[in-house]
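Colleague: model this:
(chains A, B, C and D)
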There are 4 protein chains.
Amino acid sequence: MSLPFTVKARQRVIYGDTDQMGVVYYANYLRYFELGRLEYFAARGGNYSAMEAAGLGLPVVQANVEYHASAKYEDVVLISTHVSEVRRVSLTFDYEIHREAGGQRLCSGFTVHACVSKAGRPTRLPAELVALLTS
Amino acid sequence: MSLPFTVKARQRVIYGDTDQMGVVYYANYLRYFELGRLEYFAARGGNYSAMEAAGLGLPVVQANVEYHASAKYEDVVLISTHVSEVRRVSLTFDYEIHREAGGQRLCSGFTVHACVSKAGRPTRLPAELVALLTS
Amino acid sequence: MSLPFTVKARQRVIYGDTDQMGVVYYANYLRYFELGRLEYFAARGGNYSAMEAAGLGLPVVQANVEYHASAKYEDVVLISTHVSEVRRVSLTFDYEIHREAGGQRLCSGFTVHACVSKAGRPTRLPAELVALLTS
Amino acid sequence: MSLPFTVKARQRVIYGDTDQMGVVYYANYLRYFELGRLEYFAARGGNYSAMEAAGLGLPVVQANVEYHASAKYEDVVLISTHVSEVRRVSLTFDYEIHREAGGQRLCSGFTVHACVSKAGRPTRLPAELVALLTS
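Modeller: Below is the predicted model of the structure:
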């Protein structure tokens, strides 16, 4: 059995990501997840804009985050992204975020995406996208 | 059996909440959830700052969001918040977000919070807080 | 000489607006300014979406913020917005933000907006908009 | 006359940075400016956390942004940062943001920072900081 294709993105934590607890605000991990997806598509040779231009979207229908430890100002975080499931009209990305220095696991989670037409109707995932994601 | 004590917060969607799909960016619903919690505490006669001043925090350990329909620019959204579970060292908030005009349900979800000391150690929820939340 | 037509918007400061200095992050005042503009248009009987639907936009070409004192978590801030200048293809909004409790002035600033067509070309401000803003 | 010491930071534009106009939301350029400052300090061998630990802060007292062209989703932007003025109790950073692909100038601006003690009192900039910034 082969390991899933995983892409690592790198992000520096700025002041604007933190809150007054002195750690990254909980909603901002979903921004990091999105950067993970973007870099995942880029690494796979696809890009999300092309899909949108073709009249399809992959809006998030569910997001789940578990917070294990806190990212802090000036930390560099590594976002590991892989596709954990591809279904007929939806797919799931899994994420893990670690602090680069020391390697501590900070956060894990997943997002489920529906494939929809411009009109918002559920649509079969394009065969090329499935091929791209499962190769 | 009584219904849970539920608090409604009201928020206008600004341009800065949207993304290029023309709808509210998925991470921003966690900001709305937080506003829901804040208004919940305020309506309950508590406030979160007092807890922090007492050396306790309620960091989020898990967040889950299900996206049913999209909030749009200029919408007013209503965030309904209630406490669905109180345990020894943690508690869970449930949320539902509706569009004020028309009442469509846009989003639902929950957040689980651990009670921790300043040093980050799990700590029993203060009796007054439990009383406040379960009365 | 008459005073300019001024609209007040009201916003509760959430955790997600703060940074680790324990005060509202400096970029977020531009979000408050935008809420001020939105409520200004609403109070004037106009709305920004209608302008966009008509193929015009009012992108910001300059923004200036002066920070006098800090807004804090749980503060309610009042954003006072008025139009300080209307020119042929651009206009300027002025803002002042005060803390509701006590009335301290926190921030002031302005944004300059160009009127542009969908293609991004500078376009004369529609007469109805000028009438709306200068009445 | 020597050119000022300039540091370039690199940032990928995510969906969460855009708004429904399909371009980066105007407030988010202040986030990019902050990343510029952070990387500037890092490149200078200083770091902002050390200053905070020493009981000093450099809060922004004024920010100005001019928007020339729009950054878009998936763009990589380059943020060039230099110190344009060092005074007794304040200093000014200048910024320019270009799109990496093609090099178009998107945005320029400055931020003025006061040096303050923990109590918020204006304080002389530490000699080591001045040396660091003007060498």
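Colleague: Report how many residues lie close to A:Arg88.
Modeller: Neighbourhood size, A:Arg88 [other C-beta atoms under 10 Å in any protein chain shown]: 11. Every C-beta, even on glycine, is put in place using the N, C-alpha and C of the backbone.
Colleague: Please, which helix or strand holds it?
Modeller: Element membership for A:Arg88 (DSSP states H and E) is empty, with no helix or strand holding it.
Colleague: Then A:Leu35?
Modeller: Applying DSSP H and E, one finds A:Leu35 within helix A:28-43.
Colleague: Following element in sequence after that helix, please.
Modeller: Next element after helix A:28-43 (DSSP H and E): helix A:48-53.
Colleague: Packing partners of that following helix?
Modeller: The contact analysis (3 or more C-beta pairs under 8 Å, 6 or more residues apart in numbering or on different chains; DSSP states H and E) places helix A:48-53 against helix A:28-43.
Colleague: how far off helix B:28-43 does the helix it packs on point, in degrees?
Modeller: Relative orientation of helix A:28-43 versus helix B:28-43 (axes from the mean of the first three to the mean of the last three C-alpha atoms, to 10 degrees): 180 degrees.
Colleague: which parts of helix A:28-43 are buried?
Modeller: For helix A:28-43, burial by neighbour count (16 or more other C-beta atoms under 10 Å in any protein chain shown) applies to A:28-41.
Colleague: Looking at those residues, which one is closest to chain B?
Modeller: A:Leu30 (3.7 Å; C-beta to the nearest C-beta).
Colleague: got a list of what the residue nearest to that closest one when sequence neighbours are not counted touches?
Modeller: Counting by C-beta to C-beta, 6 or more residues apart in numbering or on different chains, B:Ala27 is the residue found nearest to A:Leu30 once chain neighbours are left out, at 3.7 Å. Residues counted as contacts of B:Ala27 (C-beta atoms under 8 Å, 6 or more residues apart in numbering or on different chains) are A:27-28, A:30-31, A:34, D:16.
Colleague: rerun that using 10 Å as the cut-off
Modeller: A:25-34, A:60, A:63, A:65, B:17, B:19, B:65, C:16, D:14-16 (C-beta atoms under 10 Å, 6 or more residues apart in numbering or on different chains).
Colleague: quick one: it and B:Thr134, what's the gap?
Modeller: Between B:Ala27 and B:Thr134 the distance is 31 Å, computed by C-beta to C-beta, to the nearest Å.
Colleague: Identify each buried residue in the lowest-mean-pLDDT helix or strand in chain A, please.
Modeller: Among the helices and strands of chain A, helix A:48-53 carries the lowest confidence by mean pLDDT, DSSP states H and E, at a mean of 74. Across helix A:48-53, burial judged by 16+ other C-beta under 10 Å covers A:48, A:51.
Colleague: Go ahead and measure how far that helix is from the middle of the chain.
Modeller: Remark: helix A:48-53 is offset 16 Å from the chain centroid, using C-alpha atoms, centre = their mean, to the nearest Å.
Colleague: Same check on stretch A:86-94?
Modeller: Going by C-alpha atoms, centre = their mean, where stretch A:86-94 is centred and where its chain is centred differ by 12 Å.
Colleague: next one: stretch A:84-94
Modeller: Per C-alpha atoms, centre = their mean, the centroid offset for stretch A:84-94 relative to its chain is 12 Å.
Colleague: again with stretch A:19-35
Modeller: 14 Å.
Colleague: so where is chain A shaky, pLDDT-wise?
Modeller: Residue ranges of chain A with pLDDT under 70: A:1-3, A:47.
Colleague: can you do 50?
Modeller: Across chain A, the ranges flagged by pLDDT under 50 are A:1.
Colleague: Around chain D, which positions in it sit nearby?
Modeller: For chain A, the residues in contact with chain D (C-beta under 10 Å from any C-beta of the partner chain) are A:9-17, A:27-28, A:30-39, A:41-42, A:47-49, A:52, A:72-74.
Colleague: Output the set of residues of chain A in proximity to chain C.
Modeller: A:14-28, A:72-73.
Colleague: Any quick PyMOL command for the buried ones out of those?
Modeller: Buried subset of these, written as a PyMOL selection, criterion 16+ other C-beta under 10 Å:
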select buried, chain A and resi 14+15+16+17+18+19+20+21+23+24+25+26+27+28+72+73
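Colleague: Can you tell me which of the residues of chain A next to chain C end up in helices?
Modeller: Those of these mapping onto helices are A:Asn28, per DSSP state H.
Colleague: Roughly how far does A:Ile97 sit from chain C?
Modeller: Separation of A:Ile97 from chain C (C-beta to the nearest C-beta, to the nearest Å): 18 Å.
Colleague: list the helices and strands the helix or strand hosting that residue packs on?
Modeller: Per DSSP H and E, A:Ile97 falls inside strand A:90-99. Contacts defined by 3 or more C-beta pairs under 10 Å, 6 or more residues apart in numbering or on different chains; DSSP states H and E place strand A:90-99 against strand A:7-12, helix A:28-43, strand A:60-67, strand A:76-86, strand A:105-114, helix A:127-134.
Colleague: Pull the contacting residues for the residue of chain A most remote from its centre.
Modeller: For chain A, the residue at maximal distance from the C-alpha centroid (C-alpha atoms, centre = their mean) is A:Gln20, at 25.7 Å. For A:Gln20, the contact set (C-beta under 10 Å, 6+ apart) comprises B:49, B:52, C:15, C:17-25, C:72-73.
Colleague: got the residues you listed as TSV, with distance to D:Arg121 columns?
Modeller: What follows is the contacts of A:Gln20, written out as TSV (distance: C-beta to C-beta, whole Å):
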residue	distance to D:Arg121
B:Ser49	24
B:Glu52	25
C:Tyr15	27
C:Asp17	25
C:Thr18	22
C:Asp19	21
C:Gln20	20
C:Met21	15
C:Gly22	17
C:Val23	16
C:Val24	21
C:Tyr25	22
C:Lys72	18
C:Tyr73	23
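Colleague: Which single one of those residues is nearest to chain D?
Modeller: C:Met21 (6.7 Å).
Colleague: Spit out the contact partners of that closest one.
Modeller: C:Met21 neighbours (C-beta under 10 Å, 6+ apart): A:15, A:18, A:20, A:22, C:70, D:52, D:57, D:59.
Colleague: Give me the distance between the fourth one and chain B.
Modeller: Taking C-beta to the nearest C-beta as the measure, A:Gly22 and chain B are separated by 11 Å.
Colleague: And the contacts of stretch A:126-135?
Modeller: Under C-beta under 10 Å, 6+ apart, the answer for stretch A:126-135 is A:4-5, A:40-41, A:44-46, A:50-51, A:54, A:56, A:58, A:82-83, A:86-88, A:91, A:93, A:115, A:124-125.
Colleague: Only whichever of the residues you listed are buried, select them in ChimeraX.
Modeller: A single ChimeraX command selects the buried members of the contacts of stretch A:126-135 (16+ other C-beta under 10 Å):
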select /A:40,41,46,51,56,58,82,83,91,93,115,125
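Colleague: What distance do you get for A:Ser135 to A:Gly46?
Modeller: For A:Ser135, the distance to A:Gly46 - C-beta to C-beta - is 11 Å.
Colleague: what does A:Val65 give?
Modeller: 25 Å.
Colleague: Same question for A:Ile97.
Modeller: Counting by C-beta to C-beta, the gap from A:Ile97 to A:Gly46 is 22 Å.
Colleague: repeat for A:Thr81
Modeller: With C-beta to C-beta as the criterion, A:Thr81 and A:Gly46 are 13 Å apart.
Colleague: so what sits against both of those two?
Modeller: Contact criterion C-beta under 10 Å, 6+ apart; residues shared by A:Thr81 and A:Gly46: A:Tyr40.
Colleague: Was I right to think A:Arg99 contacts A:Ala71?
Modeller: Yes: using C-beta atoms under 10 Å, A:Arg99 makes contact with A:Ala71 at a distance of 6.5 Å.
Colleague: Same drill for these two, tell me which one is more crowded.
Modeller: Between A:Arg99 and A:Ala71, counting by other C-beta under 10 Å, A:Ala71 is the more crowded of the two (25 against 18).
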